[in-house]
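fold the stuff below for me.
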Amino acid sequence: MVTIKIPTHLIGNISKKEIKKIIKYVMGKDEKYNIKKENRGSNSGQYLILETDKIKRYICLSRENPKEGRNVFALQNLSTALANYFNDTEKNKSFCYFIRGTNMPHAHSILFAYKCMVTAKIPILNLDEVIPAERAGIFDYHMPFRDFKQMRKCRLEISRRHSKNNPTVFEQIDNDILVYGKTFGVNGRETVLICLALKELTNQNIILYNTRETTDTHGTDVDKSNLIVLKKIGIKIEDEIINLPEQSEEEKVKRDTRRYHINLLRKFHEKKCYLCECDIENLMVGSHIHRVADIKKETISAEEKNKQIIDGENGFWLCANHDKLFEYGSIYFDGQSLRISDGLTPQQKEYIRKITNLQEGEERKIKKEHYTESMHRYLEKHKKRVNTLYKTKQRSTKGSNKDVKNQNEK
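Alright, predicted model coming up:
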């Protein structure tokens, strides 16, 4: 005999058909069952407990309607169910997930959540029942992610279709994986799931930075259930809170590297050199087009300076070599097209073409989807600066040559 423990707030909400289906998936066959009501309270999460003499299985439920959206439908109940599972001192226990509403199409954003669960080794009882929405089959949601870069790129590609959505992002800095995400409310559930998946994808230390988008309506406390799960899997939560809105007029103008990196990741979807194939994250530089030092000198408000410093349109991911070449004007962009400075020798130009994988006469352009009006304005400022620098060097070289000539004549 199987006992199904159901919270009182779910009685009448979950059907006998669903209960029988869950039992068959867990037990491998139909079994007689009895229902035991539990007065957990409506905030205790939507999960069932299946018990026999030998097993105890926590079964987290999705919501009923996939049209509610990814974080509400797929993830609303996950952290609470996991927290209760982790707090259970029973040794012979296990955890799984059951999808409701499988008769309706599931969007690619929901499929991403399933793929993260598979990566995190959370068994999904009825994943094969899922019907992908039209054009949602952009990845195999039955298989785990290959690495954290693939997971990040997939998440950011999905977020492109939802411009108001600020997803959890993460990057490698030295030997750490830094995660920037909300930890409160339904979006905090996504952060927790991504951290669970990251623990399976990397052995590196994971540090979570809590982000907030508005100071008034979005809390920055870590949700109690989220905190239990994050601590259980050994995620360090940094005390510093990252504010995603623009800084106020009164705030000091500064290089805000973390917010700048978040915006670059959201623009380019991967941390990879824009001019070569290098994707070693520790070698990547968030390279400003219009330099921070030059922004600080402008006669504009502190608020506008802060905005430009963290603007994702004001930069590229470049490897250490290309970052310095770009900063000092050895390479620049004329509109969308990459140019190599005429102030270099033929040998130097050939070296740049080689490390940029360019054949002589071949042209490299900024991708159409990346080239915006804002980026164009920054690039024009960069071009003006490096052209001035080039002309200054020319005058300096001519002056030196003239001095040498005069000295020889003497």
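
ok, the closest residue to Gln204 other than its chain neighbours to Glu313 distance?
Excluding the flanking residues, the one nearest Gln204 by C-beta to C-beta, 6 or more residues apart in numbering is Ile177, at 5.1 Å. For every residue, glycine as well, the C-beta is placed using N, CA and C. Ile177 sits 26 Å away from Glu313, going by C-beta to C-beta, to the nearest Å.

before we move on, back to that, helix, strand or coil for the residue nearest to Gln204?
strand (DSSP: H, G, I helix; E, B strand; the rest coil).

what sits against it?
Ile177 sits next to 148, 170-171, 198, 202, 204-207 when contact means C-beta atoms under 8 Å, 6 or more residues apart in numbering.

can you give me the strands in the stretch 51-200 of the chain?
Here the stretch 51-200 of the chain has its strands, by DSSP state E, counting those that start in this stretch, at 56-61, 94-98, 105-106, 131-132, 169-173, 176-181.

adding mean pLDDT and distance to Met375, write the ones you listed out as CSV.
Below are those laid out as CSV (pLDDT from 0 to 100; distance: least, C-beta to C-beta, whole Å):
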stretch, mean pLDDT, distance to Met375
strand 56-61, 96, 43
strand 94-98, 97, 42
strand 105-106, 90, 35
strand 131-132, 90, 34
strand 169-173, 94, 20
strand 176-181, 94, 22
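
mind showing which ranges of the stretch 201-350 of the chain have poor pLDDT?
When residues are selected by pLDDT under 70, those of the stretch 201-350 of the chain lie in 213-220, 243-255.

for it, which segments are assigned as strands?
Going by DSSP E, counting those that start in this stretch, the stretch 201-350 of the chain shows strands at 205-212, 236-243, 284-288, 315-319, 331-334, 337-340.

can I get the ones you listed in JSON lines including distance to Glu369?
Putting those into JSON lines (distance: least, C-beta to C-beta, whole Å) gives the following:
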{"stretch": "strand 205-212", "distance to Glu369": "25"}
{"stretch": "strand 236-243", "distance to Glu369": "26"}
{"stretch": "strand 284-288", "distance to Glu369": "19"}
{"stretch": "strand 315-319", "distance to Glu369": "14"}
{"stretch": "strand 331-334", "distance to Glu369": "16"}
{"stretch": "strand 337-340", "distance to Glu369": "16"}
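
pick the most buried one from these.
Neighbour counts (mean count of other C-beta atoms under 10 Å) averaged over each of the strands of the stretch 201-350 of the chain peak at strand 315-319, with a mean of 24.

what angle separates that strand from strand 284-288?
Put simply, strand 315-319 runs at 150 degrees to strand 284-288, going by axes from the mean of the first three to the mean of the last three C-alpha atoms, to 10 degrees.

please save the CA atoms from strand 315-319 in PDB.
This file holds the C-alpha atoms of strand 315-319, laid out as PDB (Å, rounded to 0.1, in the frame of the first residue of the first chain):
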ATOM      1  CA  GLY A 315      32.100  48.000 -25.000                       C
ATOM      2  CA  PHE A 316      33.100  44.600 -26.200                       C
ATOM      3  CA  TRP A 317      34.500  41.400 -24.700                       C
ATOM      4  CA  LEU A 318      38.100  41.400 -25.900                       C
ATOM      5  CA  CYS A 319      41.100  39.200 -25.100                       C
END
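
which residues touch that strand?
Identification of contacts with strand 315-319 by C-beta under 8 Å, 6+ apart yields 260, 264, 268, 270-276, 278, 280, 283-289, 326.

show me what contacts Lys199?
120, 206, 233-235.

and stretch 375-386, what's buried?
Neighbour counts over stretch 375-386 (16 or more other C-beta atoms under 10 Å) mark 375, 378-379, 381-383, 385-386 as buried.
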